[in-house]
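In: Please find the sequence and the predicted model below.
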Amino acid sequence: MTKTDKKSFNQSLAEWKLFIYNRTTGEFLGRTAKSWGLILSFYLVFYGFLAALFSFTMWAMLQTLNDEVPKYRDQIPSPGLMPYGLEEQKNLTDCTNGNFFEQKRPEYTACQFPLALLEACGGVDDPTFGYQGGKPCILVKMNRIIGLKPQGEPRIEYLKYFPYYGKKLHGSYLQPLVAVQVSFGSDGDVKEVMVECKIDGSPNLKTQDDRDKFLGRVAFKITMDA
Amino acid sequence: MDRKREIYSVELSGTKDIEKTDKEDGKEKSRGLKNKCLERKKNHQKEELKKELDLDDHKLSKEELEAKYGTNIITGLSSAQAAELLAQHGPNSLTPPKGTPEIIKFLKQMIGGFSILLWIGAILCWIAYGIQYSNDHSSSLDNVYLGCVLALVVILTGVFAYYQEAKSTNIMSSFQKMIPQQALVIRDSEKKTIPADQLVVGDIVEIKGGDRVPADVRLLSTQGCKVDNSSVTGESEPQARSCEFTHESPLETKNIAFFSTTCLEVSAPPVGTATGMVISTGDRTIIGQIASLASGVKDSKTPIAIEIEHFVHIVAGVAVSVGIIFFIIAVSMKYHVLDSIIFLIGIIVANVPEGLLATVTVTLSLTAKRMAKKNCLVKNLEAVETLGSTSIICSDKTGTLTQNRMTVAHLWFDHQIFVADTSENHSNQVFDQSSATWASLSKIITLCNRAEFRPGQESVPIMKKTVVGDASETALLKFSEVMLGNVMDIRKRNRKVAEIPFNSTNKFQLSIHETEDPDDKRFLVVMKGAPERILEKCSTIMVNGQEQPLDRSTAEAFHTAYMELGGIGERVLGFCHLYLPTDEFPETYSFDVDTMNFPTSNFCFVGLLSMIDPPRSTVPDAVTKCRSAGIKVIMVTGDHPITAKAIAKSVGIISANSETVEDIAKRLNLPVEQVNKQDAKAAVVTGMELKDMSPEQLDELLANHSEIVFARTSPQQKLIIVEGCQRQDAVVAVTGDGVNDSPALKKADIGIAMGIAGSDAAKNAADMVLLDDNFASIVTGVEEGRLIFDNLKKTIAYTLTKNIAELCPFLIYIIAGLPLPIGTVTILFIDLGTDIIPSIALAYEKAESDIMNRKPRHKKKDRLVNPPLALYSYLHIGLMQALGAFVTYFTVYAQQGFLPTTILHLRLEWENDNVNDLEDSYGQEWTRYQRKYLEWTGYTAFFVSIMIQQIADLIIRKTRRNSICQQGLFRNKIVWVGIASQIIIALILSYGLGSIQALNFTMLRPQYWFVAVPHAVLIWVYDEVRKLFIRLFPGSWWDKNMYY
């Protein structure tokens, strides 16, 4: 480093020191205490105002929403499918089959789901859901979508599980599900199986979307380890 | 370029002293030149120059020269020889200074400014993909695409900026090639006209009056040749040239004419031309060597380049520090390092105004175009602004401040001084022309004149006609043509029988004519010359057409008038006549000018006439404008101090009521030494005085006097003056035309070359070329430069604002785990899409107040991007925009089912590809793709909100102090074009390309376009309040913190 460089470095160091605290003017980071006070209180007030404004607009916006049903359902016109674990259910209404279980306010109840319907996969006879015997059960459920009703002649036996009225009104609701039981042969030749489930027979429930692999369908693989 | 230099001299009684100092001065100049050469060059170059200057061709006889160069004075070189020599030495032209190679310029654009940050972003993208790929071979290519997009952005903006630069440089080079020079050369015993750059050493060339000397030439035969050497030595008087070796130094000997100087005149036929032998060509000429000195002067950065660099540092500093802080935060919040890198990229992209530098380039080139229309051709785009921050202009006098043409300014006859019109077209001659004295005087002016109009100019206005003859004769010819009509016709009717041309020993010119009156057989002898010499020859004086004896009181009146006219820097000529009696001089009398067989005394004195190179009519106004704009105008001229001072006074460089030290001394009858220098506002300093000054004294001079004229200075001293001014922390503009000015032009913050009078070397060294050589054009340049600085501030403030709205989403995303509100690519669509035309539109904004009424900006204090600008853009408007955009974002999510409370910290599940039944606030379940689509809708909504608020931002940025109502909302139409472009681009992106989805845009519900409108209105109102307080309380705390 040449002399001039060193000097300029020292100079800039001194300038920095002066900038951080200037004893003569009492400036800290280029501002006096009073100036700092003013600018900070300005920002306090200004940001306070902005925060209040933001809170107010958000509050106002939330007021326009319905608690029970979202304003728009642009993005979810059609449900997805998901493999599903079993849950407990109690004291739900025993509904009749073959009709939409449409309800009126103020009380919404969910339909009871008799486990017997799932036969071997109901967990009643076999608490291991067939996994022990090489015949595993997989449950496939439909994503919940408020107000959804299948059209046409869906091959869903239990239309009583439609429609859904939203979490708030319809808290205990369980969406329709099907159980898939795969039976691997005892010889053990087949150890892997691909399963694809699709909603069928209802034109308003899409099952073909290039991007969304879960829209109205689900594909999964079951592997048996000896 | 056959421009003629005007010559003035003031012929007072002290002429001899002045002449003596002139001569010494001249020597000093050339010595100064050599010293300068030695000082400014590296050692080997120094030696080279010394060697060249030691050239001895001027000492050799013709025969020795023939032998040395292998040529023949009569037959010239053979074509073959010439071709060989041409191949050997190269063309006879000055090599333009080596510019930066194009590839370097291009690379500079590629890595300069923000580009380096974006490159880092792109590389980080690719690294991130590399890590992803090594973990999971099926990972998406998103990061690769993003990296490519970033690289593409850098390359495109770089190419664009490079193209803009190159375009403006091209204007210049095309301009230079406009005037090819021709030379008349003897080769193979034949006279040929060839392009001057084909000349080689040993060529025999012929030079006519008015020609530019085509190379360094040793004169072989010539008579009465005069050259204008001002571009080499700074001597503004014509220098006589002959064939004799008169001085040891090649710079001073009379038998060498220098390349690119102008040959003013060669005596009339039989010879008519000067013949000479080319002794050096191209860069080896004296001029070539001086020009190469200019490349030794370092090009300093333009003020705007410094400002932009400063701004880039601020923004890059913010980007990098925010990026790193949040990288650390992200890592310490247990984010994956890979994710943290992606965040870092997002933060960089959000923080960097990608389009801004390209916008600045466009803005500057728009201004450059506008200035070119006003006759300021800008070679270097950045120089556009430099003129605006100029605080001192060192201007030439001749041609820049003046019309560069001797013009009759005053007449004195009948004991009265009359004022002649000196305006550019001479149209308004108001003095009393009824006196019979005027009739006699006008006749002398017309007849005693050898200048003639070149033929074939019938349709050209008188003042624009080309004249063969020297400057004062030209002035008199044009004057009499305007006053009397067809001069040639008058001369024909008064046939000339004999004449004695002007020479420096006689100091008069005389001619004898027949009169036009056929009954009057007398001869009329008319004479003009130095007034005191004319008066000596007179015994009577004409008053009101009557001859009166010349008594003491009349002589005194003459002297008063003479002193008065001489004192205002005008060149005074006396006129007298004599009718010869017919008895002594019958019609058949044969006059002999050698024996002077006619009387040359006892003439009748008719009048005085004074001439000056008058100031251009637009200059006084321009100087006043400069003064009110806080710009100091310094005149630097090679001319005589009295003339310089007179012109300075008449154009206002020295204002009417200010005095120099000498003036005060005269008024108070004190010796000059006793006058307090602080009292004198003005100063006239000669080159001699300047030479003896120490730098400290010069600094003192520049600091203490506001009105300074440097007279009798050499171009070399100009450099010293410029350096002095720069020591005062001033931004200095310098005008120049000569080759010798090029170091000063280069040294100046902005060198301004004259388009008409300027040499190529000067134009090469300059940053700007004045196409009309007019000082007033500089002032328009200053105005444009200041306007562009203000408007660039607005553009930058506009562009920086939305950075916060782009940055906040990333910060919130990292800290609060919301689904990402805006994507990196979407940000690029704002920065390089919707925001581009509006930010250029601000360049068309008119000035808010009279920008020519304020001081030039202080180059270290008044920054382009100052703390208030950055704070106001980032922390006020930027934050408001961010809030507005977030309101839209939350609205979209809430209305689709995800309430704000739900999306808080939802990020991990939201982005998990394996979760295809994510529950929203209403119990609905979303697949990953459905969520992604909602996220893109969020991007689009956020984008649209920023766009809507940027419209408000654009409108508020039209002014910095005035209310928008004062500025006029609709006056700048381009701003509305910008607003329209924003909306149209956004519509196309959402509804046109929304279905493609690769760009992450979706078709937005129409009502979401309006969610941010109240915020946009709020921004406008808030800014109006800010401006109102600034106007109401100037100088207050608010003004200091809120005015940018």
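Out: Perfect, thanks for sending it.
In: hang on, residue B:626 packs against residue B:633?
Out: Yes - between residue B:626 and residue B:633 there is a contact under C-beta atoms under 8 Å: 5.2 Å. Where you see a C-beta, it was placed from the backbone N, CA and C, and this is true even at glycine.
In: neighbour-wise, which of those two wins?
Out: Using other C-beta atoms under 10 Å in any protein chain shown, the more surrounded residue of residue B:626 and residue B:633 is residue B:633, with 28 against 25.
In: That one bridge partners, please.
Out: residue B:393 (DSSP bridges).
In: just to revisit the earlier point, what do residue B:626 and residue B:633 both touch?
Out: Common contact partners of residue B:626 and residue B:633 (C-beta atoms under 8 Å, 6 or more residues apart in numbering or on different chains): residue B:393.
In: Report the buried residues of the strand or helix carrying residue B:310.
Out: Per DSSP states H and E, residue B:310 falls inside helix B:303-332. Residues B:303-308, B:311-312, B:314-316, B:318-320, B:322-323, B:326-327, B:330 are the ones in helix B:303-332 that count as buried (16 or more other C-beta atoms under 10 Å in any protein chain shown).
In: And for stretch B:960-978?
Out: Applying 16+ other C-beta under 10 Å to stretch B:960-978 flags B:960, B:961, B:964, B:967, B:972, B:974, B:975, B:978 as buried.
In: In helices, which of these appear?
Out: Of the buried residues of stretch B:960-978, the ones assigned to helices by DSSP state H are B:964, B:967, B:974, B:975, B:978.
In: Quick check: the residue of chain B nearest chain A.
Out: Here chain B gets closest to chain A at one residue, residue B:923, 3.0 Å apart by C-beta to the nearest C-beta.
In: count of neighbours near that residue?
Out: Applying other C-beta under 10 Å, I find that residue B:923 has 21 neighbouring residues.
In: same thing with the one 5 residues further on?
Out: Using other C-beta under 10 Å, residue B:928 is surrounded by 21 other residues.
In: For it, grab phi and psi.
Out: phi -60, psi -40 (degrees, to the nearest 10).
In: Kindly report the same for the one 5 residues further on.
Out: Recorded main-chain torsions at residue B:933 are phi -60, psi -40, according to degrees, to the nearest 10.
In: Based on its surroundings, how many neighbours for it?
Out: Residue B:933 has 21 neighbours, counted by other C-beta under 10 Å.
In: just to revisit the earlier point, by pLDDT, give me the weakest of the ones in helices among the buried residues of stretch B:960-978.
Out: Ranked by pLDDT, those bottom out at residue B:967, which has 88.
In: Please name the nearest non-neighbouring residue to it.
Out: Distance criterion C-beta to C-beta, 6 or more residues apart in numbering or on different chains; nearest residue to residue B:967, sequence neighbours excluded, is residue B:959 at 4.7 Å.
In: that older thread, residue contacts, the nearest residue to the residue of chain B closest to chain A once chain neighbours are set aside?
Out: Leaving aside its sequence neighbours, residue B:923 sits nearest to residue A:167 (C-beta to C-beta, 6+ apart; 3.0 Å). Taking C-beta under 8 Å, 6+ apart as the contact definition, residue A:167 lies against B:919, B:921, B:922, B:923.
In: how about the helices of chain A, start to end?
Out: A:3-20, A:33-63.
In: any bit of the longest one sitting next to chain B?
Out: Yes - contact of helix A:33-63 with chain B is found when judged by C-beta under 8 Å from any C-beta of the partner chain, involving A:35, A:38-39, A:42-43, A:46-47, A:50, A:53-54, A:57-58, A:61-62.
In: Which of the residues you listed are buried? Put it as a PyMOL command.
Out: Buried members of the residues of helix A:33-63 next to chain B, defined by 16+ other C-beta under 10 Å, are picked up in PyMOL with:
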select buried, chain A and resi 35+50+53+54+57+58+61
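In: Which of the residues of helix A:33-63 next to chain B sits closest to residue B:702?
Out: Nearest to residue B:702 among those: residue A:35, at 36.0 Å, using C-beta to C-beta.
In: Which residues lie in contact with that closest one in this structure?
Out: By C-beta under 8 Å, 6+ apart, the neighbours of residue A:35 are residue B:1037.
In: Sweet, I'm off.
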